[in-house]
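Enquirer: take a look and give me a structure for this.
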Amino acid sequence: MSAAPAYSEDKGGSSSLGEPEYGHDPASGGIFSSDYKRHDDLKEMLDTNKDSLKLEAMKRIVAMIARGKNASDLFPAVVKNVACKNIEVKKLVYVYLVRYAEEQQDLALLSISTFQRGLKDPNQLIRASALRVLSSIRVPIIVPIMMLAIKEAASDMSPYVRKTAAHAIPKLYSLDSDQKDQLIEVIEKLLADKTTLVAGSVVMAFEEVCPERIDLIHKNYRKLCNLLIDVEEWGQVVIINMLTRYARTQFLSPNKNESLLEENPEKAFYGSEEDESKGSGPGPEEAAAPLAARRPYIMDPDHRLLLRNTKPLLQSRSAAVVMAVAQLYFHLAPKAEVGVIAKALVRLLRSHSEVQYVVLQNVATMSIKRRGMFEPYLKSFYIRSTDPTQIKILKLEVLTNLANETNIPTVLREFQTYIRSMDKDFVAATIQAIGRCATNIGRVRDTCLNGLVQLLSNRDELVVAESVVVIKKLLQMQPSQHGEIIKHLAKLTDNIQVPMARASILWLIGEYCEHVPRIAPDVLRKMAKSFTAEEDIVKLQVINLAAKLYLTNSKQTKLLTQYVLSLAKYDQNYDIRDRARFTRQLIVPSEQGGTLSRHAKKLFLAPKPAPVLESSFKDRDHFQLGSLSHLLNAKATGYQELPDWPEEAPDPSVRNVEVPEWTKCSNREKRKEKEKPFYSDSEGESGPTESADSDPESVSESESKSSNESGSGTSSEEDDEEDQSDEQEADEKKKGRRGGKEASRESGESDQSEEEQEKKVKKKKKAHERKETSESSEEEGSASDSSSSESESASESEDEEEEEQAEPDTWRRKTPPSSKIIPKTKEISLLDLEDFTPPSVQPVSPPKVVSTSLVTDLEGLTLTDSSPSLLSPVMGPGKRQELLHRVAGEGLAVEYVFNRQPFPGDPHMVSVCIHFSNSSETPVKGLHVGVPHQQPGICIQEFPEIESLAPGDSVTAIMGINFSDSTQAATFQLCTQTRQFYVSIQPPVGELMAPVFMSENEFKKEQAKLTGMSEITEKLTLPDTCSNDPIIVQRISATANLGRIPCGTPDEYRFAGRTLTSGSPVLLTLDARVAGAAQLTVNSEKMVIGTMLVKDVIQALTQ
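Expert: As a prediction, the model looks like this:
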């Protein structure tokens, strides 16, 4: 009796949890359900005070939006939670508002103050989401607020927020174009941003708002070229298209002197002006102008920089990026270098049919002008039977464009195979392609004609019709030589029933009736017999044939013509009736004597030019390749014309950026040597290196990175966030020193110059001593690089002074461990007092000056290339978890624990200790792991087979699992001789990492690199049970397998580790200096791991 109500309750509950918008009536299917109860459960959950219910409701609402379902009626309930303190709820509310703010503008305006507060939120994601929602409200009244918000966001510390500001600029411009001047100022500011995250977005805003302001790009051109390789794929496409148009306005055409190079390439490349002036020809005055035009082309270094930096992107995984680089090379590169794009475009033909369609459209255009570029890849354009029709036709177009006298036999054999295809549209296109080959290549014209004539006996109407049409065009070129073919066509009129083919044959016979004077009247006689049964298109051509024969051979055809015209006069089709009356009045002289009848022969028998069989892609190259306009062969809305090359090169100095004097230090030569391997391309000249030198961004980047490159071995020149963090750290270390340096620099320049001379002499002496005592050049190189890091933004004299004091540390590294502390502390005291104490002053005793906490802080200042080392686990194994219950396992109980020990087979695997116990009365034999189900990214290393487990016995085995830095459960089989059990192990996020030891300074450096979206911060309240150091450390270590880092600040805890699979650093900081309140920060490239780790640690500390 109780089953029915229970069933109804379950049914109602499941529907409310799964799809609340569907009705309960199964017949309605949720489409005709009443709206007054829609989403009631979601509204109740959003009105509660529990954040967990609100979060669940928002997740379901966002999931509905992702499935394309309408959730606009929930707007009032959602917008009330915009001020929720829970960050996760707030993020999802902003996602919802971005989607529906434009539709519900009035309600969104009520929360405008909340959005403005969100712009000041400490979380960068909240600030960005608030700006995104604000720019989505399309109401003119809030334009000033949006403008102010965009200006503030453009100066935000987070590059993600600055990127969002760039996205908001086109939205504001479309809402109020009067703000253009202010928006251009913001764009100019963002264009100077060195972050790769912002570059693509601001260039897109530039293209939308002010594409004509090319002057804004001048100063940022070289920076954009250098950042291009690290920008996201969407931004790369936008930047490449913009730089293509920029280059067409700023550089000369590399193919301008193409004819000169083809005639005498050696002279054009190596010849001088004197050699040219000595040649015989016109006088010096007459030859002056041609000489200027024929001067050998020298590529602008910035032009070469663009080509060189975009070339690696041909290997991008994104088809859009490869296509963008291909069009850039086609429009900008010298003719000899364009061939590099062919292989990349052919690679894209292995992609989806949609990508193939776009690529083949562009290849068809390129192959008309640059045929030799794709000839080596002719077989890549062969047609497969599985290709869609539009792909087949495009490949056919490319094959026709690539056909020449060398490969035409191969191409024609392919075409013969294609004619047997079942795809009739493709067969018709193949016949047209054969006609084009016959037109372009004279020696195969007869072969093609004979093949087409054979197709006239084909059973397929479409094939015959297309063959006749193509034959008609070919015969127009040399009609006198192909009288036999015309006779053959005339004989086929009895067999061919396709109206289009019959009409084409009649047109041919009428046009060239003089070549077949005996056959033409007989054909007209046959057509007159069947005139009433013919199709309209055939009847019209019969009338034309009769008129032409009447004018050329009236004796034999006069009566036939009158008979045909009489039949046509009473035809059911008014077009045929009108044509018959018109023809009669034109060719048959009347009593009144019409004026036109005198010119009848000129009208009907006028010589007609032979049709030119050309590719439909011939004139498409005036559109920019890869654009929508090129694809449609029509100018699309928003398309910007590709500018023509300038006659004279504009001033290249506009792209030079003034370098401040204080940056011109002795490290300039070292930076050049570091850049040489990057620019030592086979194509190049030394121009791009010089252009990079004049770029202030590249100068500051290379100088600020000289120490990092020597220490870590990485040479990423565009990692701007790392530069900023390093500069901030250097500023904090040297704040006191810089004040003294500036004061001394202002007080007396003459004293400083004398000191510089003395220091140079000392430096030379020490350098000589260093050569005698140093054992390897690597130590000297690392020392010099470390000295350059200490003198990051100082003058040349300060560089020399710090080199003298920093380099001896390379000798001190060889001392025994017991004597290491004293030299380090001496060096530190000298560094702290270098501006106030001359080198000859005896240093103060280190133990009395440097405290123990300071020594621990300064341990990270060693100049050795020491990477963080892995530690043994801080905590032992956690508690066991059940893998297989003894009831389900028929007496076999299995438990597992993460023992936090390195797995001997593979260091990337998590070591799992499996504990087996047999509680049954029979032994368990052949215990092993069966063939695991292949899961993407998860790899399992089985434990050795356990032959037998006696009753009451227990045994332990170790297995390794590579979770690929995810918490996805690993599923596998536990097998015995008689049974198989499916089990799964899901790891806590804290077990996916291994502890790492590093000094406090190394910790700070790593943390400075992992800012922005790689940083998650949460506030929490520590309970009284978790107030002392041992408990906090124990709980964090039990939750995450991290190593504790020494910290000189009390009530601040730092932990570090690396993920097992990818080796990404994971840094955890707990700041509990405020009584009761604490702040937890996790820095990691793996944002998902960071978010989950924060939740687990907070749960462990607050329970």
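
Enquirer: report the buried residues of stretch 1033-1047.
Expert: 1033, 1035, 1036, 1037, 1039, 1040, 1041, 1042, 1043, 1044, 1045, 1047 (16 or more other C-beta atoms under 10 Å). (Glycine included, C-beta is placed from N, CA and C.)

Enquirer: flag the least confident of those.
Expert: Least confident of the buried residues of stretch 1033-1047 in the model: residue 1047, at 84.

Enquirer: what sits against residue 916?
Expert: By C-beta atoms under 8 Å, 6 or more residues apart in numbering, the contact set of residue 916 is 892, 893, 894, 924, 927, 946, 949, 954, 955, 956, 957.

Enquirer: okay, now the domains of the chain?
Expert: The chain is divided into the following domains under the TED database: 40-250, 481-609, 881-987, 992-1102.

Enquirer: among the contacts of residue 916, which are in strands?
Expert: 892, 893, 894, 924, 927, 946, 949, 954, 955, 956, 957 (DSSP state E).

Enquirer: the stretch 401-550 of the chain: helices as residue ranges?
Expert: Taking DSSP state H, counting those that start in this stretch as the criterion, the stretch 401-550 of the chain carries its helices at 408-418, 424-440, 445-455, 461-475, 483-491, 499-511, 519-529, 536-552.

Enquirer: tell me which helix or strand residue 304 sits in.
Expert: According to DSSP states H and E, residue 304 maps onto helix 301-310.

Enquirer: and the next helix or strand past that helix?
Expert: Counting by DSSP H and E, what follows helix 301-310 is helix 319-332.

Enquirer: for that next one, packing partners?
Expert: Packing contacts for helix 319-332, counted by 3 or more C-beta pairs under 8 Å, 6 or more residues apart in numbering; DSSP states H and E, involve helix 233-250, helix 301-310, helix 340-348, helix 353-369.

Enquirer: so for residue 406, which of these sits nearest?
Expert: helix 353-369 (15.3 Å; C-beta to C-beta).

Enquirer: rewinding a little: out of the helices of the stretch 401-550 of the chain, flag the one nearest residue 626.
Expert: helix 424-440 (24.2 Å).

Enquirer: tell me the buried residues in that closest one?
Expert: 426-440.

Enquirer: report the angle between that helix and helix 445-455.
Expert: 150 degrees (axes from the mean of the first three to the mean of the last three C-alpha atoms, to 10 degrees).

Enquirer: dump helix 424-440 to CSV, restricted to CA.
Expert: Extracted in CSV, the C-alpha atoms of helix 424-440 (Å, rounded to 0.1, in the frame of the first residue of the first chain):
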residue,chain,number,x,y,z
LYS,A,424,26.9,13.6,-61.3
ASP,A,425,27.7,17.1,-60.3
PHE,A,426,31.3,16.1,-59.8
VAL,A,427,31.4,14.4,-63.2
ALA,A,428,30.1,17.5,-64.9
ALA,A,429,32.8,19.6,-63.1
THR,A,430,35.4,17.0,-64.3
ILE,A,431,34.3,17.4,-67.9
GLN,A,432,34.6,21.2,-67.6
ALA,A,433,38.1,20.7,-66.1
ILE,A,434,39.1,18.6,-69.1
GLY,A,435,37.9,21.4,-71.4
ARG,A,436,40.0,23.9,-69.4
CYS,A,437,43.1,21.7,-69.7
ALA,A,438,42.6,21.4,-73.5
THR,A,439,42.3,25.2,-73.7
ASN,A,440,45.5,25.9,-71.7
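
Enquirer: which residues sit against it?
Expert: 383, 389, 392-393, 396-397, 399-400, 403, 408, 411-412, 415, 418-419, 421, 444-445, 447-449, 451-452, 455, 460, 462-463, 466-467, 470, 473-474, 477, 612-615.

Enquirer: buried only: go through the residues you listed for me.
Expert: 383, 392-393, 396-397, 399-400, 403, 408, 411-412, 415, 418-419, 444-445, 447-449, 451-452, 455, 460, 462-463, 466-467, 470, 473-474, 477, 613, 615.

Enquirer: how close does the residue nearest to residue 118 when sequence neighbours are not counted sit to residue 98?
Expert: Closest residue to residue 118 apart from its sequence neighbours, by C-beta to C-beta, 6 or more residues apart in numbering: residue 130 at 3.1 Å. Applying C-beta to C-beta, to the nearest Å, the value for residue 130 to residue 98 is 10 Å.

Enquirer: do I have it right that residue 561 meets residue 548?
Expert: No: taking C-beta atoms under 8 Å as the definition, residue 561 is not a contact partner of residue 548, at 9.6 Å.

Enquirer: burial count for residue 1050?
Expert: 9 (other C-beta atoms under 10 Å).

Enquirer: thinking again about what came up before, quick one, which of residue 130 and residue 98 is more surrounded?
Expert: More neighbours surround residue 130 than the other of residue 130 and residue 98, with 26 against 16 (other C-beta under 10 Å).

Enquirer: for the host helix or strand of that one, which helices and strands make contact with it?
Expert: Residue 130 is part of helix 124-136, with elements assigned from DSSP H and E. Packed against helix 124-136 by the contact rule (3+ C-beta pairs under 8 Å, 6+ apart) you find helix 87-100, helix 112-118, helix 143-154, helix 159-175.

Enquirer: contacts for the longest one, please.
Expert: I take that to be helix 159-175. With C-beta under 8 Å, 6+ apart as the criterion, helix 159-175 contacts 124-125, 127-128, 131-132, 134-136, 138, 140, 143, 146-147, 149-150, 153-154, 156, 179-180, 183, 186-187, 190, 193, 195, 197-198, 201-202, 204-205, 208-209, 721, 1012-1013.

Enquirer: ok, now the second one?
Expert: For helix 112-118, contacts defined as C-beta under 8 Å, 6+ apart pick out 82-83, 90, 94, 126-127, 129-130, 133-134, 137, 142, 145, 149.

Enquirer: quick one, what contacts residue 982?
Expert: Residues near residue 982 by C-beta under 8 Å, 6+ apart: 971, 972, 973.

Enquirer: let's go with 6 Å and repeat that
Expert: Neighbouring residues of residue 982 by C-beta atoms under 6 Å, 6 or more residues apart in numbering: residue 973.

Enquirer: which residues of the protein score low on pLDDT?
Expert: Scanning the chain for pLDDT under 70 picks out 1-38, 257-296, 479-482, 589-596, 610-611, 659-878, 931-934, 936, 1075-1076.

Enquirer: what is the neighbour count of the nearest residue to residue 975 once chain neighbours are set aside?
Expert: Excluding its sequence neighbours, the residue lying closest to residue 975 (C-beta to C-beta, 6+ apart) is residue 930, at 4.2 Å. Counted with other C-beta under 10 Å, residues neighbouring residue 930 total 14.

Enquirer: residue 583 now?
Expert: For residue 583, using other C-beta under 10 Å, the count is 21.

Enquirer: my guess is residue 568 contacts residue 576. True?
Expert: Yes: if you go by C-beta atoms under 6 Å, residue 568 and residue 576 touch, sitting 5.1 Å apart.

Enquirer: who has more neighbours out of those two?
Expert: Remark: of residue 568 and residue 576, residue 568 carries more neighbours, 24 against 20, as counted by other C-beta under 10 Å.

Enquirer: next up, the contacts around the more buried one.
Expert: The contact partners of residue 568, by C-beta under 6 Å, 6+ apart, come to 543, 576, 580.
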